[in-house]
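Participant: Predicted structure and sequence below. I'll ask about it afterward.
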Amino acid sequence: MGRLIFLPELLNKFFVFEDRTDAGKKLGELLKRYLKDKDLLVLAIPSGGVPVAKEIAKALGASLELLIVRKIQLPWNTEAGFGAMNLDGDVVLNEELIRSAGLTEEDIERQIQKTRQTLLERNTLFRGNKPFPDISGKTVIVVDDGLASGYTLRAAIEYLKK
């Protein structure tokens with residue numbers, strides 16, 4: 001499956017990168033050392049992942065596409081999510097958080113419907129509803145600008161598996 005690149009020099013720092021562009025440039029240079037494959041595709045998760053992915057794709061001479069996935073937001077906090085959804089409608093939920101937050105089935109369904117609508121709007125706006133590129137046989141790098149709970153990435157991977 002994937003390869004983990006562990007770099008101790010990046011640990012225990014408050015600021016590893018100046019900004020998203022700097023992160024993409026530095027990560028692109030690091031990835032050059034590890035990736036010899038020329039059939040690369042960089043997939044950016046909007047919106048924060050786009051400037052990072054742009055620099056990685058540029059450094060590697062790879063194609064860049066958008067991967068539309070979205071966290072399912074808590075009703076009272078748009079910065080926090082209790083799961084994520086992809087364009088196929090696959091939903092990955094943090095059941096523990098749902099229980100501890102006291103979300104009802106109605107809360108969950110309402111937030112899923114909002115997320116579905118946002119995904120469709122973003123796909124139209126950002127990708128023009130183009131068909132997703134064929135990734136079979138390619139080395140794919142999925143880029144976001146952070147990883148809080150991992151649910152957005154899990155929803156992205158579910159989409160890519162199909």
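Facilitator: Cool, got the structure. Residues are numbered from 1 along each chain as shown.

Participant: from here on, contacts and neighbour counts on C-alpha atoms
Facilitator: Will do.

Participant: for the chain, which spans come out with low pLDDT?
Facilitator: Low-confidence segments of the chain (pLDDT under 70): 1-5.

Participant: ok, now with 80
Facilitator: 1-7, 9-10, 33-38 (pLDDT under 80).

Participant: how about the helices in it?
Facilitator: Counting by DSSP state H, the chain has these helices, from start to end: 20-34, 49-60, 95-101, 105-127, 151-161.

Participant: Reformat those helices as CSV; add distance to Thr78 and mean neighbour count.
Facilitator: Listed next are the helices of the chain as CSV, based on distance: least, C-alpha to C-alpha, whole Å; neighbours: other C-alpha atoms under 10 Å:
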stretch, distance to Thr78, mean neighbour count
helix 20-34, 21, 17
helix 49-60, 18, 23
helix 95-101, 14, 12
helix 105-127, 11, 15
helix 151-161, 14, 20
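
Participant: With distance to Asp144 added, can I get those helices in TSV?
Facilitator: Shown next, in TSV, are these (distance: least, C-alpha to C-alpha, whole Å):
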stretch	distance to Asp144
helix 20-34	10
helix 49-60	4
helix 95-101	22
helix 105-127	16
helix 151-161	8
